[in-house]
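Student: generate coordinates for the sequence data below:
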Amino acid sequence: MKSIVIPNMLFNKKVKLSDGHVVKMLSIFYKHPYLLQEDIWERLDYNNETFLVDPDTLHIMSEHLTELVYLDRTDKIQSIRITTDLEGEPLQKHWDTILEYCAKVRYDINKYNHMIEHLQSNEED
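Tutor: Numbers count the residues shown, from 1 in each chain. A predicted model of the protein is given here:
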């Protein structure tokens, strides 16, 4: 497999920047923009559009040829397709490395969510 398609967790989100521009958001990891500090999101100009992308998604995108997949007849980015030109064992090692990176990010998100749930349950007591 040389390509995979990964859903954009923020396909329904846009944000208004301090300069007044409204931009789409792109993340394959985070379900809401507040999960990262505002200044961590990076501005990305791609195909005559501007997006805000989290650094983890940008890392994955930077290692591949990336194509944005839009929801039919809309301007919403439904997913991204990442492609590599590797073959054989280097391809397998590459996907293993990407999977390991994604698992670490997911672990960090789950740890954060658990901490928030714990704090909220203490507030209810």
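Student: who's the spatially closest residue to residue 3 that is not a sequence neighbour bridged to?
Tutor: Once flanking residues are discounted, residue 3 sits nearest to residue 83: 4.2 Å by Cβ to Cβ, 6 or more residues apart in numbering. Bear in mind the C-beta positions are built from the backbone N, C-alpha and C, glycine included. Beta-bridge partners for residue 83, by DSSP bridges, are residue 3, residue 65.
Student: residue 83 and residue 21, how far apart?
Tutor: 29 Å (Cβ to Cβ, to the nearest Å).
Student: what helix or strand does the spatially closest residue to residue 67 that is not a sequence neighbour sit in?
Tutor: Once flanking residues are discounted, residue 67 sits nearest to residue 81: 4.4 Å by Cβ to Cβ, 6+ apart. For residue 81, the element it lies in under DSSP states H and E is strand 77-83.
Student: if you count neighbours, what's buried in that strand?
Tutor: Buried residues in strand 77-83, defined by neighbour count with 16 or more other Cβ atoms under 10 Å: 77, 79-80, 82.
Student: picking that back up, for the residue nearest to residue 67, list the residues it contacts.
Tutor: For residue 81, the contacting residues are 3-6, 66-67, 69, by Cβ atoms under 8 Å, 6 or more residues apart in numbering.
Student: then residue 78?
Tutor: Residue 78 touches 7-8, 11, 69-71, counting by Cβ under 8 Å, 6+ apart.
Student: show me which of these is closest to residue 104.
Tutor: The nearest member of the contacts of residue 78 to residue 104, counting by Cβ to Cβ, is residue 7 at 19.1 Å.
Student: partners of the residue nearest to the closest one when sequence neighbours are not counted in the sheet?
Tutor: Nearest non-adjacent residue to residue 7, counting by Cβ to Cβ, 6+ apart: residue 79, 4.8 Å away. Under DSSP bridges, the beta-bridge partners of residue 79 are residue 7, residue 69.
Student: is it true that residue 79 touches residue 6?
Tutor: Yes. If you go by Cβ atoms under 8 Å, residue 79 and residue 6 touch, sitting 5.9 Å apart.
Student: since that was my last question, I'll sign off now.
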